[in-house]
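> Quick one: sequence and predicted model below, then my questions.
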Amino acid sequence: MQLEVTRESGDLTAALIGELDHHAAADLRQRIDTAVLSCRPRRLIMNLERLTFMDSSGIGLIMGRYRLMVSLGGEVRVAGATPRMERMIRLAGLDKLPIWEERKSEHETHQ
Amino acid sequence: MKPINEMKVTFLSRSANEGFARAAVAAFAAQLDPAVDELADLRTAVSEAVTNAIVHAYPDQLGTVVLTVKLFENGKIQVQVKDKGRGIPDVKKAMEPLYTTGGEERSGLGFSVMESFTDRVRVRSTVGKGTTVTMEKYIAPRVKGRI
């Protein structure tokens, strides 16, 4: 499981690469949190585009990072989710949280 | 109905085997010529069941997980994940969406995902004896014949 972290203005982007399951989640969690705590971004963008697999461990990872960012006064955005990932995000009720990169911009354009 | 093919693997409850288990099921199920999405659904459901066994059945020790896959003529795939771990005291409660005893980094979605991504999920559990999760998924017939 690979992680690419990039920083641009107030955003920290964590691009997840490979298969995200329970086995990979603990190490990933630690690496993302270390990056977040060292540079204190306004937004953490979790990019799922290059994941070849994700189960509900990925949802746990998103929920945990959401809690961390909210506790730091920041936000989380999720980008690049496949329909299968979106189904799991909906099962968790996370679609009610303001974590959608695309949906938010669509919403903003319609206002 | 008798299965047309069957396989069984036993492995230790190490988290590294989560990937092995879903790859093994996917490779075996490929005989039924499933669509990419059907296979991805199956891989996800298997990952959830095996992770449950690894995280919850054997929380403080290593144990064995037995994975059995049966393929049927009508396109049905039956996957059974069996452990001899501590068991689930209240299966109904454990299957409620978002219920978890796995700490705050677990989403509590395992059974919901299994139910959503397969056609049938059955759970048998005895405290102190273990848990068996049986999932069934039907692969839609395709234009070409199978096997």
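Perfect, thanks for sending it.
> okay, which residue is most central for the chain?
Here I'm looking at chain A. Here the mean C-alpha position of chain A is nearest to the C-alpha of A:Met46 (CA atoms, centre = their mean), at a distance of 3.0 Å.
> my question was about chain B
B:Val46 (3.6 Å).
> and the residue nearest to A:Gly80 when sequence neighbours are not counted, which of the three is it?
Distances taken as CB to CB, 6 or more residues apart in numbering or on different chains place A:Glu49 nearest to A:Gly80, at 2.9 Å, with adjacent residues excluded. For glycine as for every other residue, the C-beta is placed from the backbone atoms N, C-alpha and C. Using DSSP: H, G, I helix; E, B strand; the rest coil, the structure places A:Glu49 in coil.
> distance of A:Glu49 from chain B?
16 Å (CB to the nearest CB, to the nearest Å).
> Identify the residues contacting that residue.
By CB atoms under 8 Å, 6 or more residues apart in numbering or on different chains, the residues touching A:Glu49 are A:Ala15, A:Ala79, A:Gly80.
> Was I right to think the second one contacts A:Arg43?
Put plainly, it is A:Ala79. No - counting by CB atoms under 8 Å, A:Arg43 is not a contact partner of A:Ala79; they are 11.0 Å apart.
> Tell me the buried residues in the least confident helix or strand in chain B by mean pLDDT?
For chain B, using mean pLDDT, DSSP states H and E, the weakest element among its helices and strands is helix B:91-94, scoring a mean of 91. Across helix B:91-94, burial judged by 16 or more other CB atoms under 10 Å in any protein chain shown covers B:Ala94.
> same check, this time on stretch A:7-15
A:Leu12, A:Thr13, A:Ala14, A:Ala15.
> Shouldn't the first one be within a strand?
Yes - counting by three-state DSSP, A:Leu12 is found in a strand.
> Just give the closest residue to it, not the sequence neighbours.
Across the structure, with CB to CB, 6+ apart as the measure, the residue nearest A:Leu12 apart from its sequence neighbours is A:Pro41 (3.6 Å).
> My read is that the one you found contacts A:Ala14, right?
No - shown here, A:Pro41 and A:Ala14 do not form a contact pair, counting by CB under 8 Å, at 9.9 Å.
> helix/strand/coil for the residue nearest to A:Leu12?
Secondary structure assignment for A:Pro41 (three-state DSSP): coil.
> Would you check how far apart it and A:Met69 are?
Here A:Pro41 is placed at a distance of 8 Å from A:Met69 (CB to CB, to the nearest Å).
> got the residues of chain A near chain B?
Counting by CB under 8 Å from any CB of the partner chain, the residues of chain A lying close to chain B are A:19, A:21-23, A:25-26, A:29, A:53-57, A:59-61, A:63-64, A:67, A:84, A:87-88, A:91-93.
> buried ones in the helix or strand hosting the residue nearest to the centre of chain B?
B:Val46 is part of helix B:36-52 when elements are defined by DSSP states H and E. Neighbour counts using 16+ other CB under 10 Å place B:38-52 of helix B:36-52 among the buried residues.
> on contacts alone, who are the packing partners of the helix or strand just after that helix?
As assigned by DSSP H and E, the chain's next helix or strand after helix B:36-52 is strand B:64-71. Under the contact criterion of 3 or more CB pairs under 8 Å, 6 or more residues apart in numbering or on different chains; DSSP states H and E, the helices and strands touching strand B:64-71 comprise strand B:5-12, helix B:17-29, helix B:36-52, strand B:76-83.
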